[in-house]
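In: just need the structure, nothing else, for what follows:
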Amino acid sequence: MPPPAAALHSSQSFLAYKSSLSTISSQEPANVSTRKPKTFLQKHPLYTPKTKQNQTYTLYPTRKAESREDKMYSDHVLKNIVYDNASDFADAEMNPLETPTHQNISLEFKEKILCLEIMGVDSSRALSLNPSLHRVSLYSIQSVITFLQSKGIHQKDLARILGMCPRILTSDIKTDLNPVFDFLYNDLKVPEHYFRMVINKCPRLLVSSVKNQLKPALIYLQRLGFKDLKSLAYQDAILLVSSVEKTLIPKLEYLVSLGLSRSDVVGMVLRCPGLFTFSLENNYKPKFDYFANEMGGSLEELKKFPQYFAFSLEKRIKPRHIECVESGVKIPLPVMLKTPDEEFKKLTGQEGG
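Out: Here you go, the predicted structure:
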C-alpha cells in the first residue's frame with residue numbers, strides 16, 4: 001500500500017529515498033590523487049559525502065539497514081516512474097532476462113527524481129504530466145532552474161510553479177522561456193523586478209507560446225477594451241493563456257445568445273473579467289436556468305450585476321433565494337448575494353430565529 005501523499009516531502013521520506021539509491025565505487029591507485037567532479041546533488045546542502053583520503057568514493061551516504069517504511073516509499077515512487085508507457089512494461093515481462101529492476105535504473109534518472117523531490121515537486125505526478133522528463137538530462141533541468149532564478153523566481157516558488165506546470169522543466173530556454181519574459185517586459189510593460197509576481201500568479205504563462213497564444217490573446221482583449229496592462233499582468237493573466245477561438249469568443253457568444261447586446265456583454269466582461277474563466281456547462285447554463293426559471297430574473301439585472309455567475313449555485317444562490325421566498329422579502333440581486341450571513345438574516349427577518 002503506497003504511503004500518504006503528504007509523506008513525499010517529509011524529511012524521513014527524503015532520507016529513505018536517499019538510502020534506496022545505489023552506491024558507486026571506483027578503485028583508484030594509492031599513489032594517484034583524483035577526484036570526480038561534483039554533481040548538482042552533491043552540491044546540495046543536504047548532501048554529506050565521505051571525503052577521507054584513499055577511502056572508497058561514495059556518491060550517497062548509506063545506512064546499515066532499510067526500514068519497512070523506507071522500502072515502501074522507494075518502491076512506491078520507483079514503480080510509478082520507471083516506465084514511460086504500458087508497452088515498455090509489457091515488453092519487459094515478455095523477456096525475463098531483460099526485466100528491469102531498481103538496480104537497472106540509471107544513476108542520472110535517480111538524481112533527476114531526487115532533484116524534483118528536493119525542490120518539493122511530486123516526481124510521480126510531474127513525470128505523469130510530462131513524460132519528456134524521462135529523457136531530458138539533469139543538466140538541462142538545472143539550466144532551466146538557474147534561468148528562472150536569474151529572472152527573479154525564488155527557490156521557494158519552484159515547488160508550486162513546477163508542480164502546476166512540470167512542462168517548464170523540459171522547455172527550451174532560448175525558444176520557449178526567454179520569449180515569455182520578453183513579452184512581459186515589452187508588451188505588458190512589466191518591470192523585471194515584478195516578473196516573480198506575475199509568474200507566481202499564472203505559471204501557465206511559461207508554457208504558452210508567445211506567437212500563437214499570448215500575443216493573439218492580448219490583441220483580442222485590447223480590441224474588446226482591456227486597456228489597463230497592469231490589470232492584465234497582475235490580476236487577469238489567466239485571460240492571456242486562454243484560447244481566443246476555444247475559450248474567449250465562445251463565452252462572449254453565449255452571453256449574447258441569452259438576449260444581451262454585444263455592447264452590453266463587452267461592458268460586463270470589462271467590469272468582471274472572471275466571466276471569461278467560467279465553464280459554459282458547469283457554470284453559465286445551470287446558473288442562468290435557475291436565474292430565469294426559478295428566480296424570474298431579468299437580463300437587465302444580469303447586465304448590472306454580472307458577478308452573479310461568480311457565486312456558488314448550491315451554496316449561495318439557491319439558499320439565499322429560498323430564504324427570501326420563504327420570508328416574503330424582495331431583495332436586489334447584489335444585496336442578496338453579497339451581504340454577510342448575519343446581516344442577511346436581519347434583512348429576511350430571521351435574526352434570533
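In: low-confidence regions, the stretch 251-353 of the chain specifically.
Out: Within the stretch 251-353 of the chain, the ranges that satisfy pLDDT under 70 run 351-353.
In: so residue 252 sits against residue 265, correct?
Out: Yes: using Cβ atoms under 8 Å, residue 252 is in contact with residue 265, at 5.9 Å. The C-beta positions use only the backbone N, C-alpha and C, and glycine is treated the same way.
In: please identify which of the two sits among more neighbours.
Out: residue 265 (23 against 19; other Cβ atoms under 10 Å).
In: and that one, how far from residue 140?
Out: Counting by Cβ to Cβ, to the nearest Å, the separation of residue 265 from residue 140 is 45 Å.
In: one more: residue 340?
Out: Distance of residue 340 to residue 140, computed by Cβ to Cβ: 52 Å.
In: neighbour count winner among these two?
Out: Using other Cβ under 10 Å as the criterion, residue 340 and residue 140 rank with residue 140 on top: 17 against 8.
In: surely that one is in contact with residue 170?
Out: Yes: Residue 140 is within contact range of residue 170, at 7.5 Å (criterion: Cβ under 8 Å).
In: which is the succeeding secondary structure element to the helix or strand bottoming out on mean pLDDT in the chain?
Out: Least confident helix or strand, the chain: helix 86-94 with a mean of 38, by mean pLDDT, DSSP states H and E. The first helix or strand that comes after helix 86-94 along the chain, using DSSP states H and E, is helix 107-118.
In: and that next one, what's buried?
Out: Buried positions in helix 107-118, judged by neighbour count with 16 or more other Cβ atoms under 10 Å: 109-118.
In: for stretch 341-352, same thing?
Out: 344-345, 347-348.
In: can you check stretch 248-265 too?
Out: Here stretch 248-265 shows 248, 251-252, 254-255, 260, 264-265 as buried, counting by 16+ other Cβ under 10 Å.
In: and which of those is nearest residue 278?
Out: When the buried residues of stretch 248-265 are compared for distance to residue 278 (Cβ to Cβ), residue 251 wins out at 7.2 Å.
In: from residue 277, how far off is the closest one?
Out: Distance, residue 251 to residue 277, by Cβ to Cβ: 8 Å.
In: now do the helices in the stretch 251-353 of the chain.
Out: Under the criterion DSSP state H, counting those that start in this stretch, the stretch 251-353 of the chain contains helices at 262-271, 285-293, 299-304, 318-327, 333-338, 341-347.
In: residue 125 is nearest to which of these?
Out: When the helices of the stretch 251-353 of the chain are compared by Cβ to Cβ, helix 285-293 sits nearest residue 125, at 30.9 Å.
In: and the angle from that closest one to helix 318-327?
Out: Angle, helix 285-293 to helix 318-327, by axes from the mean of the first three to the mean of the last three Cα atoms, to 10 degrees: 10 degrees.
In: got the CA positions of helix 285-293 in PDB?
Out: Extracted C-alpha coordinates of helix 285-293, given in PDB (Å, rounded to 0.1, in the frame of the first residue of the first chain):
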ATOM      1  CA  LYS A 285     -26.100  27.200 -18.200                       C
ATOM      2  CA  PRO A 286     -27.200  25.900 -14.800                       C
ATOM      3  CA  LYS A 287     -27.000  29.300 -13.100                       C
ATOM      4  CA  PHE A 288     -28.900  31.100 -15.900                       C
ATOM      5  CA  ASP A 289     -31.500  28.400 -16.000                       C
ATOM      6  CA  TYR A 290     -32.100  28.900 -12.200                       C
ATOM      7  CA  PHE A 291     -32.000  32.600 -12.500                       C
ATOM      8  CA  ALA A 292     -34.500  32.800 -15.400                       C
ATOM      9  CA  ASN A 293     -36.900  29.900 -14.400                       C
END
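In: what comes up buried for it?
Out: 287-288, 291.
In: before we move on, back to that, looking at the buried residues of stretch 341-352, spot the one nearest residue 324.
Out: residue 348 (6.2 Å).
In: got the phi and psi for that closest one?
Out: Main-chain torsions, residue 348, degrees, to the nearest 10: phi -100, psi 0.
In: mind checking how far it is from residue 342?
Out: Distance of residue 348 to residue 342, given as Cβ to Cβ: 11 Å.
In: kindly report the same for residue 178.
Out: 52 Å.
In: and for residue 254?
Out: According to Cβ to Cβ, residue 254 stands 36 Å off from residue 342.
In: same check, this time on residue 134
Out: With Cβ to Cβ as the criterion, residue 134 and residue 342 are 55 Å apart.
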